[in-house]
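Participant: After the sequence you'll find the predicted model.
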Amino acid sequence: MTANTCVRCGAVTPPHDVISVASADGAFRVLCSRCFNIEMAHLADVRAFEHPEFTPVRLPDGDGVVHEFHFRSLLFGDQLSLEAFELASGDEDCAGFHFQLLGDRPSEPFELLGDLVQKMKRALAVTHLVERAGRLEIAETTVRGRIEWDDNENGRLPCVVVDGRRVDWADFGAILMAFEGWRFRLELVDPGDET
């Protein structure tokens, strides 16, 4: 089986729709989101749960660049997590924008989708990095993004994703040097919260 094959149903699944689940014996299993939700519904005694599937959507950012988002829903007991991923061109890696909302009503996934799309539109309307003279700079004085694993650093240093763009830690440090001497506030925010 390939790394993206669900061990429960045998479906070959894109990486953004795969969940690595720990078993009671400590071993990990790869499940597609549908099979994960079936197991979670059974464990949480959630009756009549139907796994929602959504068509990808395309939304423009503040500069008019259109981004395509794919969705994944995960049932966590009586809550439903809905995530939107921008996949990197040419592969299935979730390297671009990533949004998430957690809803209290698993029976109303389309309402959660509407709320998530509104959150996405608000976030996409703001540009945090600009390119001037061939160099990235902070557009104003606030930068929002996501901390990610950097394979090139073997977990020693992260990279960040800002405006859907991956920025190496050293490059991000160089961007910050324009503010040498300034004070800063670092606030870490849960992926499901509004930023």
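Facilitator: Now that the structure is in, tell me what you want to look at.
Participant: How about the residue nearest to the spatial centre of the chain, nearest residue that isn't a chain neighbour?
Facilitator: Geometric centre of the chain, nearest residue: residue 98, 3.0 Å, by Cα atoms, centre = their mean. The shortest distance from residue 98 to any non-neighbouring residue, by Cβ to Cβ, 6 or more residues apart in numbering, is to residue 85 (5.6 Å). Every residue, glycine included, has its C-beta placed from N, CA and C.
Participant: per-residue confidence for that neighbour?
Facilitator: pLDDT recorded at residue 85 is 92.
Participant: How many neighbouring residues does residue 124 have?
Facilitator: 22 (other Cβ atoms under 10 Å).
Participant: For it, give me its contacts.
Facilitator: Residues near residue 124 by Cβ atoms under 8 Å, 6 or more residues apart in numbering: 59, 60, 61, 62, 67, 97.
Participant: burial of residue 84, as a residue count?
Facilitator: 26.
Participant: tell me which residues form a beta bridge with the residue nearest to residue 98?
Facilitator: residue 70, residue 98 (DSSP bridges).
Participant: Confirm for me that it is in contact with residue 70.
Facilitator: Yes: Residue 85 lies in contact with residue 70 (Cβ atoms under 8 Å); the separation is 5.2 Å.
Participant: intersection of neighbour lists for those two?
Facilitator: residue 16.
Participant: more crowded one of the two?
Facilitator: With neighbours defined as other Cβ under 10 Å, residue 85 and residue 70 compare such that residue 85 has more, 24 against 18.
Participant: and the gap between the more buried one and residue 33?
Facilitator: As judged by Cβ to Cβ, to the nearest Å, residue 85 and residue 33 stand 12 Å apart.
Participant: Read off the pLDDT value for residue 56.
Facilitator: 94.
Participant: Is it in contact with residue 72, as I believe?
Facilitator: No: using Cβ under 8 Å, residue 56 makes no contact with residue 72, being 11.3 Å away.
Participant: ranges for the strands of this structure?
Facilitator: 18-22, 28-32, 57-60, 66-76, 79-86, 98-103, 129-132, 135-138, 145-149, 158-162, 165-168 (DSSP state E).
Participant: The first one vs strand 66-76, what angle?
Facilitator: Same thing as strand 18-22. Going by axes from the mean of the first three to the mean of the last three Cα atoms, to 10 degrees, strand 18-22 is angled at 30 degrees with respect to strand 66-76.
Participant: which outside residues touch strand 18-22?
Facilitator: Here strand 18-22 makes contact (Cβ under 8 Å, 6+ apart) with 3, 4, 6, 28, 29, 30, 31, 32, 33, 36, 39, 74.
Participant: Looking at residue 154 now. What's its pLDDT?
Facilitator: For residue 154, pLDDT reads 85.
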